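Colleague: any chance you can model this:
(2 chains)
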There are 2 protein chains.
Amino acid sequence: MTTVPKLLVIGGVAAGASCAARARRLREDAEIMMIERGPDVSFANCGLPYFIGGEIGSREVLAVQTPASLQSLLKLDVRTGCEAIRIDRANKRVEVRHLDSGSPEWQHYDKLMLAPGAAPLRPALPGVGDARIHTLRNLQDMDRIVAATASGMRAVVVGAGFIGLEMTEQLHRRGLSVQLVELQPQVFPQLDATMAALLESELRHHDVGLTLGDAVARFEPLEDALRCHLASGKTLDADLVVLAIGVRPDTDLAREAGLQLGPQGHIVVDEFQRTSDPDIYAAGDAVEVADRVSGGRTAVPMGGPANRQGRVAADHMFRPDLARPFPGAQGTAIVRAFGAVAGITGWSEKRLLAAGTPFDTVTVNDHQHATYYPGARPLTLKILWDPVSGRLLGAQASGFEGIDKRLDVLATAITGGLTVEDLCHLELAYAPPFGTAKDVVNLAGFAACNRRDGLVSHTTALPTDPWVQVVDVRPRPLAEAYPAPGKVINIPFATLRANLDKLDRNRPVVTLCAFGKMSYFAARILRQQGFAVTSFSGGLKANIDPRTPARLPSV
Amino acid sequence: MTTVPKLLVIGGVAAGASCAARARRLREDAEIMMIERGPDVSFANCGLPYFIGGEIGSREVLAVQTPASLQSLLKLDVRTGCEAIRIDRANKRVEVRHLDSGSPEWQHYDKLMLAPGAAPLRPALPGVGDARIHTLRNLQDMDRIVAATASGMRAVVVGAGFIGLEMTEQLHRRGLSVQLVELQPQVFPQLDATMAALLESELRHHDVGLTLGDAVARFEPLEDALRCHLASGKTLDADLVVLAIGVRPDTDLAREAGLQLGPQGHIVVDEFQRTSDPDIYAAGDAVEVADRVSGGRTAVPMGGPANRQGRVAADHMFRPDLARPFPGAQGTAIVRAFGAVAGITGWSEKRLLAAGTPFDTVTVNDHQHATYYPGARPLTLKILWDPVSGRLLGAQASGFEGIDKRLDVLATAITGGLTVEDLCHLELAYAPPFGTAKDVVNLAGFAACNRRDGLVSHTTALPTDPWVQVVDVRPRPLAEAYPAPGKVINIPFATLRANLDKLDRNRPVVTLCAFGKMSYFAARILRQQGFAVTSFSGGLKANIDPRTPARLPSV
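Modeller: Residues are numbered from 1 along each chain as shown, chains lettered A, B, ... in the order given. From the prediction side, this is the model:
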């Protein structure tokens, strides 16, 4: 590196901006140039949907920094409207073209940061070029969607990941009627299906049309609509379509430069964000990094990891002796759909199953704070752990309030390598407005330990074999108002001990209730009375209907 | 243990009820008897203040369980209005007196659980017997306070711990004018003083009279008031006084039985909650347990540890081979005063100082979620760590929203033995309504690592030596509207690089700003320019005025 080193940063949003800012703090004398294809740097891309719906009222607040502010705060030479078109690694230079003038020039670097991000997928379907079909990556995309929409229009959102869900809510808020189409048989496919059920219920409650397990096959322009033909044959007519079916890493430049790419086209980096060229670093949505749960490789296109990776890279460029590695990503994600919230950290059940990784799991229900304090809302928590060590592998939560808090606690637990035994004794902040003396995270630990210790067997599927006796231990009015599916014997818990003779001791029993707690209590009684018994983990709420109440208003 | 074991539980609230419930699940056939002096079992004692203020509207919801419900759910033999007056350890029996009839009887036990709780302190001050002086432990105390109060009355609350603060808010909500008296020079004395400043500001904002660093010396009954004479000579006249100056463990029974007690009178238990008699267990507010941070001993009279200790004890009684130890308590606590919230987990700075434990600390400010999303409110986070290992020793947070979440994350980090380096890379749930791409917890990790790596020196006190140059890098309008105390040179950050000649390179510099972020940026520039520079950690907000804004509305 020369005495006055030059850092060239390609991409000026999360990872690129974080890298440049950290580099400036470490080297006041460095020359730092930022190349950005778009007109904006360091903008709040996660906020774009919320502006479309008017929840964020001012466009200005989304422009977190400007080229001028980055110059005055960080002494950065910011070149917006500039595209990097070629890396000449041998001579450590990048060819840059100004999009206005079209004139190319070479920029030298001592260290190069690639933070190109990821582009929304736009599959080559018939009719996909129609001007009414949008994707959302930057402020200009946002402006186009705002300009194209008005109250009363019909929108089709394709893809029910977090951008699709946010767009659905915000277009609804803008007054459009919205149809949401998702290839998977559930929304928010990162989650296990049962944990996404509350989001689906909430979407339907707000008159969002849900088409799950289906995909757009082609678009047909009609006079007054764009007709979306789905693979199933179903058609949806729209004034506007938003494609939110995922992103692909924007790594053509890296590929052409001969940098090592992963199987999905992500730039491969080491723990200090170095690519296969030691003077070229990469960070953000375009890279693959270590998976913090499995130790394998993963790509997590989210703002948090991007920002922190940019910082790690700058540390390694300018003070390699003190640099600390990026420890990997664990895929923490959260989404809100109207009043409902759901999220995940670590691995889901379906991902563990697909990988053939052994796991065990429980689902528990409680409320975000003491039920006797006003405003208590139900929430559901599912945890997954390694059956040998008990180490937490993943967690999912859904509900209305306090979902982010439980995810953050469990994300921290995964980072710390905590076991389900450790969850039992987390000492979380408790006063009635904030939590409960035994938080739902503690309860999940208790339930997992009960399972590990063989105190209870769990199932998440009601038996189809009529030989199995299904015992619903809810109070009779509740059992009648919200009946469990199939053939069920109702023995309210309080009367169970006196009614054991109603059950055949030679046949297995599954106990069920609303939340999975009373069914566990019942299973303990029956087990100690000699029954072969299994408890329906998480109850009807977690497995059948996420809105199953714990009690009737009048009970 | 006999074939049908008998568990006798003394005390029917958090620890006792949890122990009995867990015991029942483990041993359906056990005889379980619960002795409770009061008329209620398993009531929501943490909810009592909120009923007084009307925030909880129904008294019934505070009675979580009744003797009848415990009988039907758990087959418990509950004896309310019964007092245990003597333990005959040699014969494994307890003498119990019915408070109504006065008639004593002996109850045998195989296992005995002592969960007597703690009683509010009532110091022997002159006049303390006046009927207008209240404490708050149970529903009857609550009912007395409700009956004694009406809008327009004057209340004096003595003690600004969490019960005192909750009572202050709720009496104010009930329409009383409230004076709060605290012996320490701050409210919520578990916290370091600067972290309690927002609570104090909020209390004053709601016209609560604050008298700090003072104590009641005597009470004088007047015709129309109870006059509180403070040690300072100040007097406060009240229609009602609430003493909330702490609790003492209710351990006379244990002492008389010859069980080992700790220096403050708490029952000494091992990691399975066993007292010095292996058939007698104890849990809850009356015991001392391991301190999870220091490894020493501590007493944490809170509902969370009490519940979990009761469960540990039952496990050890009835399945000792599978029982897991109680890992200790770390003193997590949270309190709300009107709109402001503050809390702690682990050790405070003053506690570490008093113990002579080496530590290092930083304070950072941010918001609970993305500032561009509506409703962003400032919060302040202080962390303390071991300077050798970097292991987190404690954390405190104050603000308006999201305080519980950060405390819970940091409580989990302490449990996991995480270091400040680990905090940098916690992957927390982020979408604009829930957090930021770099959460304040990550920022605290960054700041701590910067300090550990020698990138910046911090101070939390402005210099008194006039030789030191204090540079305020806030924009001029803000610096003028909210001036920093003392002699200060204002050089707005954006102009700092161009104005280095305004500073004497031979004199040390302290940089300051509103939040501690720009002062750090400035310190990095000055350091690299050869200045001896220190940044004012946490800025004016954390050290001088918790309501210092980051920017003026018009700027």
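
Colleague: quick one, strands of the stretch 251-400 of chain A?
Modeller: A:267-268, A:280-282, A:287-290, A:297-298, A:333-337, A:340-346, A:360-367, A:378-385, A:392-399 (DSSP state E, counting those that start in this stretch).

Colleague: hey, which of those is tucked in deepest?
Modeller: Comparing the strands of the stretch 251-400 of chain A by mean neighbour count (mean count of other Cβ atoms under 10 Å in any protein chain shown), strand A:280-282 ranks first with a mean of 30. Bear in mind the C-beta positions are built from the backbone N, C-alpha and C, glycine included.

Colleague: what about the longest helix anywhere in chain A, distance to the chain center?
Modeller: Secondary structure of chain A per DSSP state H: the longest helix is helix A:303-318. Relative to its chain's centre, helix A:303-318 lies at 21 Å (Cα atoms, centre = their mean, to the nearest Å).

Colleague: show me what that helix is packed up against.
Modeller: Counting contacts by 3 or more Cβ pairs under 8 Å, 6 or more residues apart in numbering or on different chains; DSSP states H and E, helix A:303-318 packs against helix A:14-26, strand A:111-114, strand A:280-282, strand A:287-290, helix B:440-452.

Colleague: so which strand or helix has the closest residue to A:P221 other than its chain neighbours?
Modeller: Spatial nearest neighbour of A:P221, chain neighbours left out: A:D130 (5.6 Å); criterion: Cβ to Cβ, 6 or more residues apart in numbering or on different chains. Per DSSP states H and E, A:D130 falls between elements, in no helix or strand.

Colleague: quick one, what contacts A:D130?
Modeller: Contact criterion Cβ atoms under 8 Å, 6 or more residues apart in numbering or on different chains gives A:219, A:221, A:226, A:241 as the residues in contact with A:D130.

Colleague: from chain B, how far off is it?
Modeller: Distance, A:D130 to chain B, by Cβ to the nearest Cβ, to the nearest Å: 30 Å.

Colleague: A:L407 against A:A342, yeah?
Modeller: No. A:L407 is beyond contact range of A:A342, at 9.3 Å (criterion: Cβ atoms under 8 Å).

Colleague: so what sits against both of those two?
Modeller: A:334, A:397.

Colleague: verify the stated contact: A:A447 with A:Y520.
Modeller: Yes. Using Cβ under 8 Å, A:A447 is in contact with A:Y520, at 7.3 Å.

Colleague: skip the chain neighbours and tell me the closest residue to the residue in the stretch 151-300 of chain A that chain B sits nearest to.
Modeller: Nearest to chain B, among the residues of the stretch 151-300 of chain A, is A:F162, at 6.9 Å (Cβ to the nearest Cβ). Counting by Cβ to Cβ, 6+ apart, the nearest residue to A:F162 once its immediate chain neighbours are dropped is A:V335, at 4.2 Å.

Colleague: tell me which stretches of the stretch 101-250 of chain A form strands.
Modeller: Ranges of strands in the stretch 101-250 of chain A, per DSSP E, counting those that start in this stretch, are A:104-108, A:111-114, A:118-120, A:133-134, A:154-158, A:177-182, A:209-212, A:216-221, A:226-230, A:235-238, A:240-243, A:247-249.

Colleague: what's the most buried one of those?
Modeller: Ranked by mean neighbours (mean count of other Cβ under 10 Å), the strands of the stretch 101-250 of chain A are led by strand A:111-114, with a mean of 29.

Colleague: flag every residue of the stretch 151-300 of chain A that's near chain B.
Modeller: Within reach of chain B by Cβ under 8 Å from any Cβ of the partner chain, the stretch 151-300 of chain A has these residues: A:162, A:166, A:292.

Colleague: what pLDDT is listed against the last one?
Modeller: The one in question is A:R292. We note a pLDDT of 96 for A:R292 in this prediction.

Colleague: now swap in the second one and tell me
Modeller: In this model, A:E166 is scored at 98, pLDDT.

Colleague: is stretch A:455-466 positioned near chain B?
Modeller: Yes. Against chain B, stretch A:455-466 shows contacts by Cβ under 8 Å from any Cβ at A:L455.
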